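Chemist: Sequence and predicted structure are below.
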Amino acid sequence: MSATLTKVKDFKFGNAFMTMVDVAFDDSYPAGGESVLLPLRNIMAVFAESDDDRYRLEYDRSAAKVRVFNNDKLPLLVVEEDVAVASNAGTLKHRPLYIVAVQATAGTTTGAFKVIPKGETTATKQVAVDFTTGGLTFKTTDAVTAAKITYIPLRGGGYLSTVIVDETVKASASKVNLASRACLVQYVWDDTDGVLCDLEPSGEAPSATHKAVVDINDSGKTSIDSHADDAANVLKVTYVPFDQIPADCFIDDTDVALSSEAYSFIADGKYRPLIVPGLGCVLTGEVDGGGNAEMVWEGPGGTAANGVATWNPIKNYILTNQDTALVTTAISWIALDPLRFAGQEVQAATDLSALTARLIAFGY
């Protein structure tokens, strides 16, 4: 297939002409751009635009092609977007690739929430996310009326443009691999029992039913280890594939020692770029004495408490406040360096059938 052109209008300005056409893309973007022959003998200038905020369009006059890039004006990270919630539902401004923190700020139940799959029954302090639309659905009895969401938006091409939503695998006490290696894992949902799995540190065996261990780099694959009581249950896993970031922006599972339950990636780790946690809305680690703990993230405006950690992307800093002090974290991370993610063209064979561009060309 190829792009379909539809003429919108022609204009004449003395000896010059302007033509306006719509270009409907197909389901397989060709490397280097889509060929578009405009009905002008000599083209002086072409302006290209789209209503889809994930994309930036350029017309290559010498090659007569429309090229599609990720939109560099789309933020790499949205920090604490204010979302109004009515009748238990709200919508993000951008389609999400990956959500780090959901903090309900008004309603009967407030605080840190976890993400679960679209269409599933929410428990208290859970929100079901539609990754196609950015729709959020809260539990009716939580009566949330406002929330702050921190997330990475889905981009149009290149890096950070693909999320695998609800891939199904069969739980196993001897581990099961995802179809693709992941760099970020949003959640592990037990679809058989309708329960969100609590996560425990990599390298350990799940301690109880509905506990899971994500090994993000298990000999070049990403594996999910389940408790024996959950073996053969169907799991839904939402994740960002490893090829969606530059390989050197991946920070593997490692124990990060905290000082006074805090860690600065700038001062302590000497990292220049922003460091993003890799297990969705949760942080796993070990408390003083060796026991495991799982905390839920809030953004920089939140307050660390028992079971709640704050991630501050402005200061590149995390803070915990467990009843028994957290001494190490045990998750993977990625480095979100703007210099590495800008200007990426849509990959060849990408399905752009939902995209229509408008071209306005001047010439004679």
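Modeler: Yes, it's here. Quick caveat, the model's predicted, so the values are computed rather than measured.
Chemist: can we go C-alpha only for contacts and neighbour counts from here?
Modeler: Fine.
Chemist: in the protein, what secondary structure element scores lowest on mean pLDDT?
Modeler: helix 338-341 (a mean of 87; mean pLDDT, DSSP states H and E).
Chemist: average pLDDT across stretch 3-23?
Modeler: What stretch 3-23 shows for mean pLDDT is 93.
Chemist: so how far does it reach from one end to the other?
Modeler: With Cα to Cα, to the nearest Å applied, stretch 3-23 spans 6 Å between its terminal residues.
Chemist: Any chance you could list what contacts that stretch?
Modeler: Stretch 3-23 is contacted by residues 24-26, 34-36, 39, 356-364 when judged by Cα atoms under 8 Å, 6 or more residues apart in numbering.
Chemist: buried sites along that stretch?
Modeler: 3, 5, 17-23 (16 or more other Cα atoms under 10 Å).
Chemist: Bridged to Leu184, which residues?
Modeler: Val240 (DSSP bridges).
Chemist: Quick check on the contacts of stretch 3-23: which are buried?
Modeler: Looks like the contacts of stretch 3-23 have 24-26, 34-36, 39, 356-364 buried, using 16+ other Cα under 10 Å.
Chemist: Farthest-apart pair in these, please.
Modeler: Asp26 and Tyr364 (29.2 Å; Cα to Cα).
Chemist: Of the buried ones among the contacts of stretch 3-23, which belong to strands?
Modeler: Using DSSP state E, 24, 34-35, 356-363 are the members of those that sit in strands.
Chemist: Turn those into a markdown table, columns for distance to Asp191.
Modeler: As requested, these are exported to a markdown table (distance: Cα to Cα, whole Å):
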| residue | distance to Asp191 |
| --- | --- |
| Ala24 | 38 |
| Glu34 | 41 |
| Ser35 | 45 |
| Thr356 | 37 |
| Ala357 | 39 |
| Arg358 | 43 |
| Leu359 | 46 |
| Ile360 | 49 |
| Ala361 | 52 |
| Phe362 | 56 |
| Gly363 | 58 |
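Chemist: between those, which is closest to Asp72?
Modeler: Closest to Asp72, out of all of these and judged by Cα to Cα, is Ala357, at 17.2 Å.
Chemist: do you know how far the closest one is from Phe69?
Modeler: 12 Å.
Chemist: Return every residue with contacts to both of those two.
Modeler: Leu57.
Chemist: What residues sit buried inside stretch 328-338?
Modeler: Result for stretch 328-338 [16+ other Cα under 10 Å]: buried residues 328-336.
Chemist: nope, stretch 88-108 is what I was after
Modeler: Counting neighbours by 16+ other Cα under 10 Å, stretch 88-108 gives 88-92, 94-106 as buried.
Chemist: tell me the contacts of the closest residue to Ser2 other than its chain neighbours?
Modeler: Nearest residue to Ser2 in three dimensions, chain neighbours excluded: Asp26, at 5.9 Å (Cα to Cα, 6 or more residues apart in numbering). The contact partners of Asp26, by Cα under 8 Å, 6+ apart, come to 1-4, 351-354.
Chemist: Show the pLDDT at Asp26.
Modeler: Residue-level pLDDT assigned to Asp26 equals 95.
Chemist: and the gap between it and Ser264?
Modeler: According to Cα to Cα, Asp26 and Ser264 sit 46 Å apart.
Chemist: Repeat that for Ile318.
Modeler: Distance from Ile318 to Ser264, by Cα to Cα: 7 Å.
Chemist: Same drill for these two, tell me which one is more crowded.
Modeler: A direct count of neighbours by other Cα atoms under 10 Å for Ile318 and Ser264 places Ile318 higher, at 21 against 18.
Chemist: sec struct for the more buried one, please.
Modeler: strand (DSSP: H, G, I helix; E, B strand; the rest coil).
Chemist: so who does the nearest residue to it once chain neighbours are set aside touch?
Modeler: The shortest distance from Ile318 to any non-neighbouring residue, by Cα to Cα, 6+ apart, is to Trp311 (4.7 Å). Trp311 makes contact with 297-300, 317-319 under the criterion Cα under 8 Å, 6+ apart.
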